[in-house]
Structure formats: C-alpha cells, structure tokens
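K.L.:
With the input below, show me the fold.
(one chain, ligands or ions: 1)
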Amino acid sequence: MVWTNSKDSALRERAQAVIPMGMYGHQSVMLLPDDYPQFFDRAEGAYLWDVDGNRYLDFMCGYGPNLFGYGHAGIDQAYFDRARRGDTMTGPGEAMVELAEALTAQVTHADWAMFCKNGTDATTMALMIARNHTKKSTVVLAKGAYHGAAPWCTPLKNGVTKADRANQIFYEYNDVESLEAAVREAGGDLAAIFASPIKHDTFVDQELPDPAYARRARELCDEHGALLIVDDVRAGFRLARDCSWALVGVKPDLSSWGKAIANGHPISALLGSDAARMAAATIYATGSYWFSAAPMAASLATLKLIAGTDYLERTIALGERLRAGLDEAAARHGFGLRQTGPAQLPLIMFDDDDTSAKGYLWNNALLKRGVYFHPWHNMFICAAMTESDIDFALTAADDAFKVVKASGPLEPVAKLQFLHQMVDGA
Ligand SMILES: Cc1ncc(COP(=O)(O)O)c(C=O)c1O
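P.N.:
Next up, the predicted model:
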C-alpha cells in the first residue's frame, strides 16, 4: 500500500480551528519528524493503523500503557464484562478491594493502595502524603525527571507561578554528592526524596540506577524522617514484577503507578507502606472517575498476566534482539548509535547528531516503512511483539540507514530549537 496522509492532514486542519494548536501535550506530533500521523483509527496487538490506513509496528505502545498488546482479549473481556454491569457508579465495586489486595501482594514494599486516573494524580498524592506525614515542605527531586503535568511538576513554565514550585530542590540523578547537597540544603524541612526508577528523561541517554545512589536516598530519608518516593508510572512492571527499585534492593515508602497496570484502561495507583498509611488516610483525594469498576477489573486481569506469564523475560529478549540487530546494522552502514536504558525500554540516538538531523531522517524513513519509533523519548517493547516483528523492524532500519547515508549534509531540526527555547527560556 502506498503511504498517504490525506485524511490525517484534513483532520489536522479541522483541529486547528477547534483545538488549541490542533493538539496539545505529549501526544502532539508537532515536534516529531515530518509525516508522523496525528490521528489513529485502530490498534491490535503490537500494531497501530492511522486514519489513512497506514499500518505501523508500534514501539511507543501508547507512551507506555500497552504491555500485553492492544485489545488483549482476556483483559478487554474483564473490562467489558464489568462495564456492562456498572462502571462509574455512586461507589466502587468489589474490584477495588481485590485490586488493592493484588497490588499489595505483588509489590513488596506496599501495604495499601489508592486509585486514581493519571500518573500525575498518583505523583501529586505522593507529594501531599509526604508533606502530611512529615509536616514539612521541601521535596528533593532529580533534575530533568518527568513526574506529570500539574503546576508543581509540568516541564513548561507557562501558567506556573513561583509559589507552585516553592520548596523544591534538585539533584543530579545517580550522583550521591549532589543528592546529599540537596538534602543538606533542605535543612530540617525535608518531606521527601522523589526518584524515577531509572533516568528516563527525554533527549538524553538513559541511565540505570546506581545501587549506591538508591541506597543513599533510602538512608537519607530514614535519617530525616522523610519519605522515599519512586515514580514507577512509566517503568512499572516493565523492569520487574515488583517496584522497579526491587532490582537494586531498595524499598520506597510510596510508589506511583499508571500506564501498564491495566494495559491501557484508565487507572493509576499510589502504593504505600504502613509508615505512610495514616498520612494517606488524612489527605483529601478524590475524582469523579477514580472509582470506576471496569478499569479496576482490567487491571486485575493484567496483574494475573504479570504474575503468571513470562512477559517480562520475553520483552527483555525481544528488546535485546532489536538492540543487537540495530548495533550490527548501524556499524555496517558506518553509524554510531547510542542505545541506552533497559533493552525493553529502548532509547536510540545517533552519535555526532547534536541537531537530531540524522535521527529525524532515520525515524521518518522507518515510519514510511511501517515502524513507529521515537527520536528522543524512550520506547517500549510489548509482549505481543514477536521475533519476526523485531526482524521486520530491523529490515526497515537497515533501509532507513541507507536513506540517511545517501542524504549528504543535513539541516538542524528547526522545530526542536523552538522546543528548547520554550523550555529554557520560559
Ligand atoms: C515517570 C512518569 N511520571 C508521571 C507521569 C504522568 O503520568 P500521566 O501522563 O498519566 O499523568 C508520566 C507520564 O508519562 C511518567 O512517565
């Protein structure tokens, strides 16, 4: 099928009139390489079809929620069965208790669970609970880490006041000295240390957590009576069948979850230890859709697959197959690639590509060959992918390297310069 985008272009034009900038937030393709479709028609397993009918092997997985495949039959059956009997009701269903039981059984540090809709709800509740528990204000966070789109954490400063960002001190991820310095600066006012499970910031190489850094964060919280928060919204259940910092032997007091916990159905969660139970019970936290039963039923079905299948080992093996194949192809074509982070959460950037020009051309060429990659955000491997899907991506990547090689000198990507100005200059 010949790649076209006439329907997408027409929708974008209509959107310009009725949606600010035609689209907003992280799913806007404004900053992606040319031709990335904005609007999609359907999704199944590891694949996605745009409104023009172009099919893509989707390495973004909805920016994380798709863990077992789009439209997974068992998970969706649980969702629709529950929804037919009642979803958003005047109170929660039985599934709320069952899901809290299942999550606290699955995640070692957790003694209780609270449910909400978005990752931002969960990280914001974590912040409030830490302040309520300690009766202190200052939170120490890693520079550049994403924790959501509320005024306290949104990356763009438009619409945000100094007061929204008060009582925050930043450290460098994995840097014990800078963490200690931030905690010293907090003095007697430390409420929490916030950590991403891995450094999965955009535009920069990913980093696994140094166990010494993770352990020091735990010690510092204990010394100051503060809470340690791990934000597992993006990586949760993709690195471990437990909180991701179980891999480095560190238990947080609170962990925030979302995305993959219900394979795309809208629910997020905050899990906590007994130490934080009373503080959690005495903040006011709620939302009209937070107690809907059907996403909870979907999450329960997802957790059964997490506990009972080899999805984790498979996504790691598929990620490693992709990584090895890309390294081999890049070397053959004379390119250096930086593939960072865990293999199942790949981030792929070119060496010697400060202006992202090579990356953008390569990603565009992949898109035209039916592979949806992202040039500067970590991607995701889902358990519905197969070895032959990975090989399909590798064949497309091989062709895409040829396109970059044949291109000659490239112009810097102008739209990214605009983004960096917005972030730095805001
Ligand atoms: C680490 C992390 N925390 C929090 C969030 C916010 O989640 P949501 O977009 O569901 O509000 C995200 C979203 O990408 C995330 O990656």
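K.L.:
does residue 270 count as helix, strand or coil?
P.N.:
When classified by DSSP: H, G, I helix; E, B strand; the rest coil, residue 270 comes out as strand.
K.L.:
what element comes up after the host helix or strand of residue 339 heading to the C-terminus?
P.N.:
Using DSSP states H and E, the element containing residue 339 is strand 337-340. Going down the chain from strand 337-340, the next helix or strand is strand 347-350, by DSSP H and E.
K.L.:
Mind giving me the packing neighbours of whichever helix or strand comes after that following strand?
P.N.:
Following strand 347-350 in sequence order, the next helix or strand is helix 357-368 (DSSP H and E). Applying 3 or more CB pairs under 8 Å, 6 or more residues apart in numbering; DSSP states H and E, one finds that helix 357-368 makes contact with strand 347-350, helix 387-406. For every residue, glycine as well, the C-beta is placed using N, CA and C.
K.L.:
circling back: output the strand holding residue 339 as CSV - backbone C-alpha positions only.
P.N.:
Taking C-alpha atoms only, strand 337-340 is exported to CSV below (Å, rounded to 0.1, in the frame of the first residue of the first chain):
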residue,chain,number,x,y,z
LEU,A,337,24.2,4.5,17.8
ARG,A,338,23.7,5.2,21.5
GLN,A,339,21.1,2.6,22.7
THR,A,340,20.6,3.3,26.3
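K.L.:
for it, what is the average pLDDT?
P.N.:
Averaging pLDDT along strand 337-340 gives 98.
K.L.:
Now do the buried residues in that strand.
P.N.:
Within strand 337-340, the residues scored as buried using 16 or more other CB atoms under 10 Å are 337, 339, 340.
K.L.:
Ok, stretch 295-313 next?
P.N.:
295-303, 305-306, 311-312.
K.L.:
try stretch 156-165
P.N.:
In stretch 156-165, counting by 16+ other CB under 10 Å, buried: residue 160.
K.L.:
From start to finish, how long is it in a straight line?
P.N.:
12 Å (CA to CA, to the nearest Å).
K.L.:
quick one on the thing from earlier: could you point out which of the helices and strands packed on helix 357-368 sits nearest residue 34?
P.N.:
The closest of those to residue 34 is helix 387-406. By CB to CB, the value is 13.0 Å.
K.L.:
Quick one: list the elements packing against that closest one.
P.N.:
Other helices and strands packing on helix 387-406, by 3+ CB pairs under 8 Å, 6+ apart, are strand 55-58, helix 311-332, helix 357-368, strand 371-372.
K.L.:
still on that earlier bit, do you know which of the helices and strands packed on helix 357-368 lies nearest the ligand?
P.N.:
Among the helices and strands packed on helix 357-368, the nearest to the ligand by CB to the nearest ligand atom is strand 347-350 (13.0 Å).
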